[in-house]
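**Q** Take a look and give me a structure for this.
(one chain, ligands or ions: 1)
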Amino acid sequence: MSLQRSIELKRRGLMLILSSPSGAGKTTLSRSLLERYRDAAAHESMMLSVSVTTRPARPGEEHGKDYFFIAEAAYQEMVKKNALLEHAQVFEYYYGTPATFVREHIEKGTDVLFDIDWQGTRQLAERARDDLVSIFILPPSMEELERRLRARAQDSDEVVSKRMSKATNEISHWQEYDYVLVNQDLNETLEKIDTILKAERLKRVRQSGLDDFVKDLCER
Ligand code: 5GP
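**A** Residues are numbered from 1 along each chain as shown. Alright, predicted model coming up:
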């Protein structure tokens with residue numbers, strides 16, 4: 001008779017970064033990924049890191065869900081108190097990642113998803129390289145990017161053209177990422193992200209329970 005017990009090794013959560021120029025599908029991809037893991041078992045769960053921003057809310061955006069919309073003075077206070085894990089100016093506004101939320105979840109084995117730009121990614125790579133998995137999402141073409149930005153219809157013409165000119169700058173940082181995906185088809189891209197996530201979760205450095213498991217294994 002074989003004695004089988006279910007083995008679940010403790011692991012450290014990872015920081016999954018999705019970056020792209022606005023309009024490349026990143027928001028839809030992050031929502032779908034979170035949806036997929038919302039009801040997952042504890043060792044597979046994932047939370048979104050909700051950033052603070054000084055940008056005004058767009059129609060439909062919710063405080064605490066999409067962003068914490070804060071005044072510039074409150075933002076500067078957070079920077080001063082070291083309460084942000086990374087922070088940057090993007091377009092004419094400030095953005096930052098509240099540190100406590102991320103640290104607590106990583107420690108207890110929950111993955112944290114970030115929708116941040118290349119500046120934030122670079123800062124996190126300096127502070128927490130081992131915990132980081134970064135993915136850059138490219139649009140299939142600049143025409144398609146513009147079409148998607150216009151279809152979103154939340155921004156004025158002026159904002160759309162500003163975002164288009166910033167897109168080239170954002171894209172120029174693609175080589176700083178661990179993975180780069182061309183988002184031609186949302187479902188396909190989502191599956192690719194999921195594949196990356198599943199493999200990265202299995203990395204030795206993330207499996208904090210291995211030490212004890214191997215010790216126990218060898219003592220028998
Ligand atoms: P949006 O204003 O369209 O929501 O975001 C503009 C850009 O800011 C996006 O590229 C987004 O990824 C980036 N962003 C959002 N939150 C943060 C953050 O906390 N830190 C950094 N560095 N970038 C952010």
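**Q** Check this structure for the residue nearest the ligand and tell me.
**A** Gly120 (2.6 Å; CB to the nearest ligand atom). From N, CA and C alone the C-beta is placed, and that goes for glycine too.
**Q** my guess is that residue meets Phe114, correct?
**A** Yes: Gly120 lies in contact with Phe114 (CB atoms under 8 Å); the separation is 7.3 Å.
**Q** what's the overlap in contacts for the two?
**A** Ile17, Thr97 (CB atoms under 8 Å, 6 or more residues apart in numbering).
**Q** Show me which residues of the chain sit near the ligand.
**A** Taking CB under 6 Å from any ligand atom as the measure of proximity, the chain contacts the ligand at 22, 51, 55, 86, 88, 90, 95-97, 115-117, 119-120.
**Q** now the chain, which segments are flagged as low pLDDT?
**A** For the chain, the stretches with pLDDT under 70 are 1-4, 153-154.
**Q** could you pull out the helices for the chain?
**A** Applying DSSP state H to the chain gives helices spanning 26-38, 72-80, 99-107, 118-128, 142-152, 157-171, 186-201, 210-219.
**Q** between the first one and helix 186-201, how big is the angle?
**A** It refers to helix 26-38. Relative orientation of helix 26-38 and helix 186-201, computed by axes from the mean of the first three to the mean of the last three CA atoms, to 10 degrees: 60 degrees.
**Q** For helix 26-38, buried residues please.
**A** By 16 or more other CB atoms under 10 Å, the buried positions in helix 26-38 come out as Lys26, Leu29, Ser30, Ser32, Leu33, Tyr37.
**Q** Check the fourth one too.
**A** Residues of helix 118-128 classed as buried under the neighbour-count rule (16+ other CB under 10 Å) are Trp118, Gln119, Gly120, Thr121, Gln123, Leu124, Ala125, Ala128.
**Q** Now for the fourth one: which residues touch it?
**A** Same thing as Thr121. Thr121 neighbours (CB under 8 Å, 6+ apart): Ile17, Ser19, Leu132, Ser134, His173, Glu176, Tyr177.
**Q** What is the nearest of these to Glu144?
**A** Ser19 (17.8 Å; CB to CB).
**Q** Which residues are in contact with the most centrally placed residue in the chain?
**A** The structure's the chain has its C-alpha centroid closest to Phe114; by CA atoms, centre = their mean the separation is 2.1 Å. By CB under 8 Å, 6+ apart, the residues touching Phe114 are Met15, Leu16, Ile17, Leu18, Ser49, Thr97, Gly120, Leu124.
**Q** Hmm, Val182 is touching Ile135, no?
**A** No: using CB under 8 Å, Val182 is not in contact with Ile135; the gap is 11.7 Å.
**Q** the more surrounded of these two?
**A** Taking other CB atoms under 10 Å, Val182 and Ile135 do not tie; Ile135 has more neighbours (22 against 15).
**Q** ok, for Val90, nearest residue in space, not its chain neighbours?
**A** Nearest residue to Val90, sequence neighbours excluded (CB to CB, 6 or more residues apart in numbering): Asp117, at 5.3 Å.
**Q** neighbours around the one you found, how many?
**A** 23.
**Q** Could you report the distance from it to Ala57?
**A** 19 Å (CB to CB, to the nearest Å).
**Q** How much space separates Val133 from Gln89?
**A** 25 Å.
**Q** The two - which one has more neighbours?
**A** Val133 (21 against 12).
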